[in-house]
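J.: quick one, fold the following:
(chains A and B)
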Amino acid sequence: MAYADACVHPYPAGDTSLPRMALEARELGFATIVSTGGAGEFFGVRAVQGVVIGARTFKDVVKAVRRAPEAALVAVCAGDESFTRSAVSLGGVHILKGVHQGPKNAFDHVAARTAGERGVAVEIDLAPIVALRGRDRQRVLACYADVLFLHRRYGFPLCIASNARSVLDQRSVREAIGLCSLFGMDGDEAGAALSSVEGLLNRPETVRVVE
Amino acid sequence: MRPRPKALRQKRRYLLVRVLPPWQEIEQKALYLAVSGAVTSLFGDAHAAEIQPAVVFSDRGCAILRCRRGCEGDLSVACATVTAAGDLRVALRTVAVSGTIAALKGRMDGWIHALPPEQALYGEKEVRSFRYGRHKVDVLQEGIKKQSIVFLTDCEREEI
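T.: Numbering: from 1, shown residues only, chains lettered A, B, ... in the order given. Now for the predicted structure:
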């Protein structure tokens, strides 16, 4: 199974170059990384271009999705309830990001059902589990447990991202599975989530009406 | 105090962890406090008391941690949440688990530790860099207020 880290931020967003992140990812057991700072193949690891859209209004999201490169993996940051529902139903969006940062119930059962129908993945971000402490981390774990519950009910894909800005933030496949076990995800689910990026890249296009 | 007979002793497990960046000198006590803090923060005092984490050996780039048998998975997860030891940014990567320290020390023999720093040109400035592994180069940048590290590979080092 080819595992993928669904989002890393190499230089200039972070302090590590893309080839170094790819080299580290190879040592950590990943075959693919999704990078917000370029694409290519380094040390046998494929770096896929990723685009993160953090727009405030849905209109801006539509514009940004249209502007995204053809082969890029498009991730949209979650917002309030209506924004998240709209973002998930928009064609060209692959990943819903930052579910833990949105307001409570930003990702509800309606958005979950839409995500399941359209094959939009929800990102499990490991960075807050690693970096936060106390109540903030408890809130993130509770949010991910809720996402996992909806995933088991509606079957939308999950993907796991380290959101690393440095080699020191990258985590191995085994560590990622261990961290996901903190909110109740079992090994098989974590393995499927780590290998879901390939499926998102080869997702069948939605039917378009051509006049 | 006389040691307990073998049958009455608690069974232990030992974890071999890689400390990144390997050229940074970290005191064993700072590492223990970081690991212990991570375990307590993640699992609470009650489970931390069950795990009984300890650092039994620490050298440049590697450390051996101890825990109770059956808790090695939890300690490994807690190690993944360590981001700093003292004032230094570090990452701990669990490499192996064993029932004896000798077995882990045997695994450490082939490890390549950091070479002494070398000078490199970064733009127009001369900076210190550390080269280790086959392709890894860490460059130290002196800022106005603090020092920062840039992680590169040797193919980019040509551009430095």
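J.: switch to C-alpha atoms for all contacts and neighbour counts from now on
T.: OK.
J.: three-state assignment of the residue positioned nearest the centre of chain B?
T.: Chain B has residue B:19 as the residue nearest its centroid, 2.2 Å off, counting by C-alpha atoms, centre = their mean. Under DSSP: H, G, I helix; E, B strand; the rest coil, the three-state class of residue B:19 is strand.
J.: correct me if wrong: it contacts residue B:63.
T.: Yes. Judged on C-alpha atoms under 8 Å, residue B:19 makes contact with residue B:63 at a distance of 7.1 Å.
J.: wait, what's in contact with the closest residue to residue A:118 other than its chain neighbours?
T.: Spatially, and ignoring its direct neighbours in sequence, residue A:118 is nearest to residue A:89 (7.1 Å; C-alpha to C-alpha, 6 or more residues apart in numbering or on different chains). When contacts are counted by C-alpha atoms under 8 Å, 6 or more residues apart in numbering or on different chains, residue A:89 touches A:114-115, A:118.
J.: ok, 10 Å please
T.: Each residue near residue A:89 by C-alpha atoms under 10 Å, 6 or more residues apart in numbering or on different chains is listed here: A:111, A:114-115, A:117-120.
J.: could you do residue A:111 as well?
T.: A:81-89, A:117, A:150, A:154.
J.: now the helix or strand hosting it: average pLDDT?
T.: Using DSSP states H and E, residue A:111 sits within helix A:109-118. Helix A:109-118 shows a mean pLDDT of 94.
J.: next secondary structure after it?
T.: Downstream of helix A:109-118 (by DSSP H and E), the next one is strand A:121-125.
J.: export only the CA atoms of stretch B:29-49, formatted as PDB.
T.: Extracted in PDB, the C-alpha atoms of stretch B:29-49 (Å, rounded to 0.1, in the frame of the first residue of the first chain):
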ATOM      1  CA  LYS B  29      17.400  15.400  32.200                       C
ATOM      2  CA  ALA B  30      15.900  17.800  29.600                       C
ATOM      3  CA  LEU B  31      15.000  14.800  27.500                       C
ATOM      4  CA  TYR B  32      13.400  13.000  30.500                       C
ATOM      5  CA  LEU B  33      11.400  16.100  31.400                       C
ATOM      6  CA  ALA B  34      10.200  16.500  27.800                       C
ATOM      7  CA  VAL B  35       9.100  12.800  27.500                       C
ATOM      8  CA  SER B  36       7.600  12.700  31.000                       C
ATOM      9  CA  GLY B  37       5.700  16.000  30.300                       C
ATOM     10  CA  ALA B  38       4.400  14.600  27.000                       C
ATOM     11  CA  VAL B  39       3.200  11.300  28.600                       C
ATOM     12  CA  THR B  40       1.400  13.100  31.500                       C
ATOM     13  CA  SER B  41      -0.200  15.600  29.100                       C
ATOM     14  CA  LEU B  42      -1.400  12.900  26.800                       C
ATOM     15  CA  PHE B  43      -2.500  10.200  29.200                       C
ATOM     16  CA  GLY B  44      -2.900  11.900  32.500                       C
ATOM     17  CA  ASP B  45      -1.200  11.300  35.800                       C
ATOM     18  CA  ALA B  46      -2.800   7.900  36.500                       C
ATOM     19  CA  HIS B  47      -1.700   6.300  33.200                       C
ATOM     20  CA  ALA B  48       1.700   8.000  33.300                       C
ATOM     21  CA  ALA B  49       2.300   6.300  36.700                       C
END
